[in-house]
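# Take this sequence and fold it.
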Amino acid sequence: MSAEPRLAAVAEPEPAPQAAPGTDQAVKETLEDYTLRFAPRSYRRWTPMVVATTALGGIAYMADFSIGAGIALAHGTGNALLAIAVAAVVIFVTGFPLAYYGARYNIDLDLITRGSGFGYFGSVLTSVIFASFTFIFFALEGSIMAQGLKLGLGLPLWLGYLVSTLMVIPLVIYGMKALSKLQVWTTPIWLLLMVGPLVYLVATDPGTVDRFLSYAGTDGDGGIDTASVLLGAGVCLSLIAQIGEQIDYLRFMPPKTEANKRSWWTAVVMAGPGWVVLGALKQAIGVFLAVYIIAEVGASAAPEPIQQFKGAFDAMMPSWLVVPLAVVLVVISQIKINVTNAYSGSLAWTNSFTRVTKRYPGRMVFVLVNLGFALALMEADMFSFLNSILGFYSNCAIAWVVTVATDIGINKYVLKLSPHAPEFRRGMLYAVNPVGVVAFTAASGLSIAMYFHALGDTLQPYSPVAAAVIAFVLTPLMAVVTKGRYYLRRTDDGIAEPLLDEDGNPSAVAYECHVCRQQFERPDVAACRTHDAVVCSLCLSTDKVGDHVLPATV
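Next up, the predicted model:
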């Protein structure tokens with residue numbers, strides 16, 4: 001090993017070279033919500049419950065109602081409810097270790113993925129998968145809002161798509177500070193409008209429950225069928241990547257201490273993997289409302305949430321109030337989730353672009369890119385072939401999330417071949433780690449082939465199961481085969497101060513980056529290769545010639 005200097009906190013740096021063009025802009029923008037980097041303790045001033053409420057506000061989307069309705073129409077209530085339950089269990093189990101790591105170490109899912117089997121550049125693959133998730137679901141929610149605007153205001157769908165896209169731009173510009181206020185204040189209204197109609201229908205017409213439980217679907221006979229359950233679960237499992245959006249908020253959790261550990265754990269479980277409890281409930285409500293609408297109006301309108309809630313409101317209030325309330329519910333839900341989709345998608349695209357090009361173009365560029373992709377999907381009428389898109393996408397999402405969750409749960413804690421503390425800084429990681437990349441590629445590739453009937457019609461419904469099982473088996477197997485050698489490029493970042501404090505939280509000791517001259521906390525910096533000073537993670541990412549990047553030692 002080379003003998004690099006070990007630096008003390010707030011060391012006086014040598015004269016720094018001139019910062020690269022655009023560095024000042026990049027630093028200023030990323031300090032608003034800590035794009036691409038560790039979220040420092042000095043910024044994380046929210047209580048655990050405020051963070052949890054903000055994170056849960058992002059799952060107010062209406063897509064769950066459409067997903068539940070679509071599965072029920074095809075396979076019947078029994079198969080739909082079982083499919084929803086199976087997917088919920090998988091999502092909860094895989095989401096728990098990811099949520100814990102994001103909240104405990106204050107980094108987003110992309111940074112977690114880098115050090116959990118994929119490597120510094122290898123995780124670009126999964127960043128693109130996550131970015132795709134955000135614009136697919138933005139398009140889905142935008143389509144639902146456009147349906148509401150057409151019903152309430154008479155806007156043509158193409159104009160509704162445009163309105164639903166443009167209206168989130170002002171809201172997403174300001175990052176976590178603005179989003180936390182929006183989510184906290186709108187959540188009670190959303191909950192009242194969503195739950196009220198269901199309670200009313202069940203209380204005033206118990207027959208709706210019997211019709212709901214006995215509905216057999218368009219092609220079914222009312223019996224339970226394994227293939228139908230797995231096909232439905234595959235659609236629900238497309239939502240597995242939602243944990244990434246939850247972590248985009250959970251990374252702002254305060255440090256876990258003896259004083260707050262109960263509220264800290266409650267917030268992490270509730271807003272991390274616990275999001276799927278509410279999500280599964282909404283899917284089940286979607287099944288209930290779809291069956292109700294089929295009896296009242298017909299099957300053609302059943303998958304549209306605006307029609308579901310219009311029908312429910314019709315039964316409980318004056319006709320003049322029905323459409324306005326249904327539109328308000330849809331608009332509030334769409335705004336709550338699509339500011340999160342636009343925000344998280346922009347982070348994912350920016351992360352990938354900055355690593356590959358070593359240039360930070362500004363997060364707003366990728367807000368617009370993400371919105372452009374979403375608008376194109378809406379104008380192509382993605383809503384009409386929703387389940388096909390989600391069924392295909394779920395294979396990639398499952399392979400990614402199960403790979404990272406397995407690396408944390410098995411490779412870190414059981415096999416101890418993966419470093420316990422997460423690492424994300426350039427220079428500390430190998431460019432590509434075959435553990436995660438091979439497991440993800442094999443799991444997603446084979447399951448997609450199964451989904452498109454390449455291995456026969458009989459195996460087609462089992463593609464999501466294959467994605468999960470292959471990722472779960474190959475991740476520890478690859479770690480054993482490689483003996484964990486491709487996780488860390490070096491084990492010493494050249495700084496004397498421990499990375500974690502006495503409570504196991506990331507250290508809050510401050511250092512000055514000698515490139516951008518800003519103060520950053522211990523986990524976000526590393527020693528410089530050419531100066532007796534430290535460099536922050538973003539300046540390392542944008543270092544085009546590698547002057548500041550420490551050499552490999554392992």
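# for Thr441, what are its contacts?
When contacts are counted by Cβ atoms under 8 Å, 6 or more residues apart in numbering, Thr441 touches Leu125. Every C-beta, even on glycine, is put in place using the N, C-alpha and C of the backbone.
# can I assume it sits in a helix?
Yes. Per DSSP: H, G, I helix; E, B strand; the rest coil, Thr441 lies within a helix segment.
# got a pLDDT number for it?
On pLDDT, Thr441 comes in at 96.
# okay, stretch 192-202 in PDB with CA atoms only?
C-alpha atoms of stretch 192-202 as PDB (Å, rounded to 0.1, in the frame of the first residue of the first chain):
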ATOM      1  CA  LEU A 192     -60.600  11.500   3.300                       C
ATOM      2  CA  LEU A 193     -61.500  11.500  -0.400                       C
ATOM      3  CA  MET A 194     -60.100   8.000  -1.000                       C
ATOM      4  CA  VAL A 195     -61.500   6.100   2.000                       C
ATOM      5  CA  GLY A 196     -64.800   7.900   2.400                       C
ATOM      6  CA  PRO A 197     -66.600   6.500  -0.700                       C
ATOM      7  CA  LEU A 198     -65.500   2.900   0.200                       C
ATOM      8  CA  VAL A 199     -66.800   3.100   3.700                       C
ATOM      9  CA  TYR A 200     -70.100   4.600   2.600                       C
ATOM     10  CA  LEU A 201     -70.700   1.900  -0.100                       C
ATOM     11  CA  VAL A 202     -70.000  -1.000   2.300                       C
END
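# pLDDT of that stretch, averaged?
Stretch 192-202 comes out at a mean pLDDT of 82.
# May I see the buried residues of that stretch?
For stretch 192-202, burial by neighbour count (16 or more other Cβ atoms under 10 Å) applies to 193-194, 196-198, 201.
# any chance of these in a markdown table, with distance to Leu415 too?
Shown next, in a markdown table, are these (distance: Cβ to Cβ, whole Å):
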| residue | distance to Leu415 |
| --- | --- |
| Leu193 | 48 |
| Met194 | 43 |
| Gly196 | 50 |
| Pro197 | 50 |
| Leu198 | 46 |
| Leu201 | 51 |
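# for those, which one is nearest Ile243?
Checking the buried residues of stretch 192-202 against Ile243 by Cβ to Cβ gives Met194 as the nearest, at 21.9 Å.
# Which element, helix or strand, includes the closest one?
Element membership for Met194 (DSSP states H and E) is helix 175-204.
# Let me know the next secondary structure element after that helix.
helix 207-214.
# Which elements pack onto the very next helix or strand once past that following helix?
Counting by DSSP H and E, the next helix or strand C-terminal to helix 207-214 is helix 226-236. Under the contact definition 3 or more Cβ pairs under 8 Å, 6 or more residues apart in numbering; DSSP states H and E, helix 226-236 sits against helix 63-75, helix 77-105, helix 386-406, helix 463-482.
# Minimum distance to Pro303: which of these has it?
helix 63-75 (4.5 Å).
# any weak-confidence spans in the stretch 201-350 of the chain?
Where the stretch 201-350 of the chain drops to pLDDT under 70, the residues are 219-222, 298, 300.
# which secondary structure element contains the nearest residue to Leu81 once chain neighbours are set aside?
Once flanking residues are discounted, Leu81 sits nearest to Ala284: 6.2 Å by Cβ to Cβ, 6 or more residues apart in numbering. Ala284 is located in helix 275-296, with elements delineated by DSSP H and E.
# Only the buried residues of that helix, if you could.
For helix 275-296, a neighbour-count test (16+ other Cβ under 10 Å) marks 275-276, 278-294 as buried.
# Toward the C-terminus, what is the element adjacent to that helix?
Later in the chain than helix 275-296, the nearest helix or strand by DSSP H and E is helix 305-314.
# What helices and strands are in contact with the helix or strand following that following helix?
The helix or strand immediately downstream of helix 305-314 is helix 319-357, counting by DSSP H and E. Counting contacts by 3+ Cβ pairs under 8 Å, 6+ apart, helix 319-357 is packed against helix 109-113, helix 124-153, helix 169-172, helix 175-204, helix 242-250, helix 305-314, helix 363-379, helix 537-541.
# try 6 Å
helix 124-153, helix 169-172, helix 175-204, helix 242-250, helix 305-314, helix 363-379 (3 or more Cβ pairs under 6 Å, 6 or more residues apart in numbering; DSSP states H and E).
# do you know which of the ones you listed lies nearest Gln334?
Per Cβ to Cβ, nearest to Gln334 of the helices and strands packed on helix 319-357: helix 124-153, 3.9 Å.
# List the buried residues of that closest one.
124-127, 129-152.
# what about stretch 499-519, start to end distance?
16 Å (Cα to Cα, to the nearest Å).
# how far out from the middle of the chain is that stretch?
27 Å (Cα atoms, centre = their mean, to the nearest Å).
# Give me the buried stretch members for it, please.
505-507, 509-516, 518.
# and what of stretch 307-326?
307-314, 316, 322-323, 325-326.
# which of the residues you listed lies closest to Ala52?
After measuring those against Ala52 - Cβ to Cβ - the closest member comes out as Phe309, at 26.2 Å.
# Give me the nearest residue to the closest one, chain neighbours excluded.
Ala326 (4.6 Å).
# how much space between that neighbour and Ile470?
43 Å (Cβ to Cβ, to the nearest Å).
# do Leu321 as well
Distance from Leu321 to Ile470, by Cβ to Cβ: 52 Å.
# next one: Ala496
43 Å.
# repeat for Val515
42 Å.
# Likewise for Ala72?
29 Å.
# Low-confidence regions, the stretch 351-500 of the chain specifically.
Ranges of the stretch 351-500 of the chain meeting pLDDT under 70: 383, 386-387.
# can we see that at 50?
Applying pLDDT under 50 to the stretch 351-500 of the chain picks out no residues at all.
# So between Ala496 and Ile470, which is more surrounded?
Using other Cβ atoms under 10 Å, the more surrounded residue of Ala496 and Ile470 is Ile470, with 22 against 11.
# Leaving out sequence neighbours, find the closest residue to the more buried one.
Ala443 (3.9 Å).
# And that neighbour, how far from Trp264?
For Ala443, the distance to Trp264 - Cβ to Cβ - is 33 Å.
# Tell me which of those two has more neighbours.
More crowded of Ala443 and Trp264, by other Cβ under 10 Å: Ala443, with 27 against 22.
# Identify the residues contacting the more buried one.
399, 467, 470-471 (Cβ atoms under 6 Å, 6 or more residues apart in numbering).
# helices or strands up against the helix holding Ala284?
Counting by 3+ Cβ pairs under 6 Å, 6+ apart, helix 275-296 packs on helix 63-75, helix 77-105, helix 207-214, helix 305-314.
# and the second one, what's its mean pLDDT?
Regarding helix 77-105, the rounded mean pLDDT is 95.
# how far does that helix sit from the chain's center?
13 Å.
# before we move on, what about the first one?
Distance, stretch centre to chain centre, for helix 63-75: 21 Å (Cα atoms, centre = their mean).
# and it, what does it pack onto?
helix 77-105, helix 226-236, helix 275-296.
# If we use 10 Å, what do you get?
For helix 63-75, the packing partners by 3 or more Cβ pairs under 10 Å, 6 or more residues apart in numbering; DSSP states H and E come out as helix 77-105, helix 124-153, helix 226-236, helix 275-296, helix 305-314, helix 319-357, helix 386-406.
# what's the answer for the third one, then?
Packing contacts for helix 207-214, counted by 3+ Cβ pairs under 10 Å, 6+ apart, involve helix 77-105, helix 175-204, helix 275-296.
# Of these, which is nearest Met428?
From the helices and strands packed on helix 207-214, taking Cβ to Cβ, the stretch that ends up closest is helix 77-105, at 14.2 Å.
# tell me which residues of the closest one are tucked away?
In helix 77-105, counting by 16+ other Cβ under 10 Å, buried: 77-88, 90-92, 94-105.
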